[in-house]
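**Student:** fold the following and give me the result.
(chains A, B, C and D)
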Protein chains: 2
Amino acid sequence: MVITRATEYAIRTIIYLAKQPRNEIVLKKDICRTQNVTPAFLTKILQPLIKVGIVSSQRGVGGGFLLAKDPEEINLLDILQAEEGELNLNHCLVDDDVCERDKHCSAHEVWQEAQNEMIKVLCRHSIADLVKIEKVKVESLGLG
Amino acid sequence: MVITRATEYAIRTIIYLAKQPRNEIVLKKDICRTQNVTPAFLTKILQPLIKVGIVSSQRGVGGGFLLAKDPEEINLLDILQAEEGELNLNHCLVDDDVCERDKHCSAHEVWQEAQNEMIKVLCRHSIADLVKIEKVKVESLGLG
DNA sequence: TATCAGTGGTTATTACTCGAGCAACGGAAT
DNA sequence: ATTCCGTTGCTCGAGTAATAACCACTGATA
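**Tutor:** This next block holds a predicted model:
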């Protein structure tokens, strides 16, 4: 299992924020209520997203959270790496010096290739895309 | 980090076995010495491979391990899944009922796509391929 | 301007699970 | 009896998931 709960909640949260009118500040408790996360945990999850500039926050009365970037400019890899750090299939991919077997280990290249393919997919889909897909899904549910 | 040490040692071991003359029985301690694994840990690692029929074993004097399948017929996904169980990027991919959000969760499809791409790569390379690649690597090291 | 309620920010702690490895004993083959 | 592998259970450490206590900022208002 690669994706943690934190990453999953983070993605839900960002999609939720992306659905709000642009520049509208959203309360933490509203995110919690709609996305089924506890406030304490959501606090922890949002901090890395703020650090990398995906979300911005406003303290004090009337404060809350909002997207700091255009949904077109955010992809799933950005969020995953903000929450979990660099994505690495195997420790020998962390950097070229970690594994002294690199020189003759043939599996190394396969891990690298698999990781690259995975990253390509995660980069290909922006949050804006996902919001569109959700709208279509919700509509088709309404019809069915 | 998706790949565990057990999987990595398992792959090393299988490549080692594949390099031996066909049907030659190899002692556990020879595997340990050449692949830098402790006997106790290797014991644990080999059992799942035996269970799924990749490796077979022989007890008693003159016993040991050998490949039960043609190296052409073994790929990295086989080994990985023998050691770690079904590969799943996220818990919502385990089966369609786990995540009650499936119906409207757009990320689900991205995880599925990323996982499929990864699996494709892991299936594409047989142990026989890896052995060939290692030979080439070793030769080029000898020249350098 | 002092203050207070409403907000997010930071840090520490807990419980739990899983990866990694070890060791002791059991069972089969010769 | 000896030489092998097989099974089981254990420990230790790291990482996930979540909680809680306390801190810092903002803005309204007394």
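
**Student:** interface residues of chain A facing chain B?
**Tutor:** A:1-3, A:8, A:11-12, A:15, A:76, A:88-91, A:103-107, A:109-111, A:113-115, A:117-118, A:120-122, A:125, A:129-131, A:133-134, A:137-138, A:141 (C-beta under 8 Å from any C-beta of the partner chain). All C-beta atoms are positioned from the backbone trio N, CA, C, and that covers glycine.

**Student:** weed out the non-buried ones from the residues you listed.
**Tutor:** Buried subset of these (neighbour count, 16 or more other C-beta atoms under 10 Å in any protein chain shown): A:2-3, A:8, A:11-12, A:15, A:76, A:88-90, A:105-107, A:110-111, A:113-115, A:117-118, A:121-122, A:125, A:129-131, A:133-134, A:137.

**Student:** of those residues, which belong to strands?
**Tutor:** Judged by DSSP state E, those include no members of strands.

**Student:** unless I'm mixing things up, A:E72 is touching A:V131, no?
**Tutor:** No - A:E72 lies out of contact with A:V131 (C-beta atoms under 8 Å); the separation is 10.2 Å.

**Student:** how close does the residue lying farthest from the centre of chain A get to DNA strand D?
**Tutor:** Largest separation from the mean C-alpha position in chain A: A:H104, at 35.4 Å (C-alpha atoms, centre = their mean). In this view, A:H104 and DNA strand D are 25 Å apart by C-beta to the nearest atom of the strand, to the nearest Å.

**Student:** my read: that residue touches B:E134, true?
**Tutor:** Yes - if you go by C-beta under 8 Å, A:H104 and B:E134 touch, sitting 5.8 Å apart.

**Student:** out of the buried ones among the residues of chain A next to chain B, which sit inside helices?
**Tutor:** A:8, A:11-12, A:15, A:76, A:107, A:110-111, A:113-115, A:117-118, A:121-122, A:129-131, A:133-134, A:137 (DSSP state H).

**Student:** where does chain A have low pLDDT?
**Tutor:** Within chain A, the ranges that satisfy pLDDT under 70 run A:96-103, A:143-144.

**Student:** what does it put close to DNA strand C?
**Tutor:** Within reach of DNA strand C by C-beta under 7 Å from any atom of the strand, chain A has these residues: A:27-29, A:40, A:43-44, A:46-47, A:50, A:57-65.
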